[in-house]
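A.B. asks: Give me the fold of what follows.
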Amino acid sequence: MSSTHFGYETVDEQDKASRVRGVFDSVASRYDVMNDLMSMGMHRAWKAYTVAVANLKAGERVLDIAGGTGDLSRAFAKKVGETGMVVHTDINEAMLRQGRNRLLDEGLVLPTGLCDAEKLPFKSGSFDLVSVAFGLRNMTHKDQALGEMCRVLKPGGRLLVLEFSKVAAPLQKPYDWYSFKVLPRLGKLIAGDADSYRYLAESIRMHPGQQELKAMMKTAGFGHVDVHNLSAGVVALHAGIKC
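C.D. replies: Residues are numbered from 1 along each chain as shown. The predicted model follows:
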């Protein structure tokens, strides 16, 4: 039986998805509050930058993977207008429900569905843009997921991967201290769950760095990949164009 990592823990591949689901089931109701606290609001700037790089036009079709509480789906929908379409998806039902309800509360009705990025239920060449924000690092077979994202894009379509990455060397020690000492305490205080935020810190360290992820995207079928380091590499936006 194949194994993979769940943070620093080694687990059976078939168990990882349920373990990750448990994390997000636990934090879904406080996810946005925790995002603001642990990033000091910077996640909003990272997402706004992603929307700017997407450079969407009216009428385009977008697939938002791991769309969670709907921040990017909402912003993309404003760009593509009534003639375009944004599909809001997540593999976690609790997160998807939070996002769908928020979008509906704002009068925004988008196609929404449970979706496994490693087996996308869409025809090849269906979308102009695919995005995944803070979701790739939780996927068991990242190469398979990237291949699926490439498949569902039209030729010349764009993939945007916004994810925690390898921080600049001078910040490594304070970033580690914050990640392993402060984040779990915030999680305990705000979300009643220290373990899930300890997993977050560990999963970031296990995720491929900027150049490794760039190479993975090129292997998956993206002929050109730009890497945008944000906040000294705490987060990186990888922008790929399908061959």
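
A.B. asks: Which parts of the chain are strands?
C.D. replies: Counting by DSSP state E, the segments of the chain that form strands are 3-6, 9-12, 61-65, 85-90, 112-114, 127-133, 153-164, 222-230, 235-242.

A.B. asks: Poorly predicted segments of this protein, please.
C.D. replies: 1 (pLDDT under 70).

A.B. asks: How much space separates T10 from S126?
C.D. replies: 36 Å (CB to CB, to the nearest Å). To be clear about C-beta, it is placed using only N, CA and C from the backbone, and glycine gets the same treatment.

A.B. asks: what about the two, which has more around it?
C.D. replies: S126 (17 against 9; other CB atoms under 10 Å).

A.B. asks: residues contacting the more buried one?
C.D. replies: S126 sits next to R61, L63, V152, L153, K154 when contact means CB atoms under 8 Å, 6 or more residues apart in numbering.

A.B. asks: Ok, A77 next?
C.D. replies: Contacts of A77 (CB under 8 Å, 6+ apart): G84, V86, L108, L110.

A.B. asks: next one: phi and psi at the first one?
C.D. replies: Main-chain torsions, G84, degrees, to the nearest 10: phi -100, psi -170.

A.B. asks: related to what we said a few turns ago, can you lay out the contacts of A77 as TSV showing neighbour count?
C.D. replies: Formatted as TSV, those follow (neighbours: other CB atoms under 10 Å):
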residue	neighbour count
G84	19
V86	29
L108	16
L110	21
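
A.B. asks: Go through this structure and flag its longest helix.
C.D. replies: Taking DSSP state H as the criterion, the chain has its longest helix at helix 13-27.

A.B. asks: Could I have the CA atoms of that one written out in CSV?
C.D. replies: Listed next in CSV are the C-alpha coordinates belonging to helix 13-27 (Å, rounded to 0.1, in the frame of the first residue of the first chain):
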residue,chain,number,x,y,z
GLU,A,13,-2.6,7.4,0.6
GLN,A,14,-6.2,6.3,0.9
ASP,A,15,-6.4,7.9,4.3
LYS,A,16,-5.0,11.3,3.5
ALA,A,17,-8.2,12.7,1.9
SER,A,18,-10.3,11.8,4.9
ARG,A,19,-7.7,13.3,7.3
VAL,A,20,-7.7,16.6,5.3
ARG,A,21,-11.5,16.6,5.2
GLY,A,22,-11.5,16.4,8.9
VAL,A,23,-9.3,19.4,9.2
PHE,A,24,-11.5,21.5,7.1
ASP,A,25,-14.7,20.2,8.6
SER,A,26,-13.3,21.4,11.9
VAL,A,27,-12.3,24.9,10.8
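
A.B. asks: could you say what helices and strands that helix packs with?
C.D. replies: strand 3-6, helix 93-105, helix 194-206 (3 or more CB pairs under 8 Å, 6 or more residues apart in numbering; DSSP states H and E).

A.B. asks: so which of these comes closest to S18?
C.D. replies: Nearest of these to S18, taken as CB to CB: strand 3-6 at 10.0 Å.

A.B. asks: Pull out the buried positions in that closest one.
C.D. replies: Neighbour-count burial for strand 3-6 flags T4, F6 (criterion: 16 or more other CB atoms under 10 Å).

A.B. asks: Please tabulate the helices and strands packed on helix 13-27 in TSV, including the columns distance to G135.
C.D. replies: Converted to TSV, these look like this (distance: least, CB to CB, whole Å):
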stretch	distance to G135
strand 3-6	15
helix 93-105	10
helix 194-206	11
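
A.B. asks: For the nearest residue to Y199 once chain neighbours are set aside, which residues are in contact?
C.D. replies: Excluding its sequence neighbours, the residue lying closest to Y199 (CB to CB, 6 or more residues apart in numbering) is G7, at 4.5 Å. Listed by CB under 8 Å, 6+ apart, the contact partners of G7 are R198, Y199, A201, E202, S203, M206.
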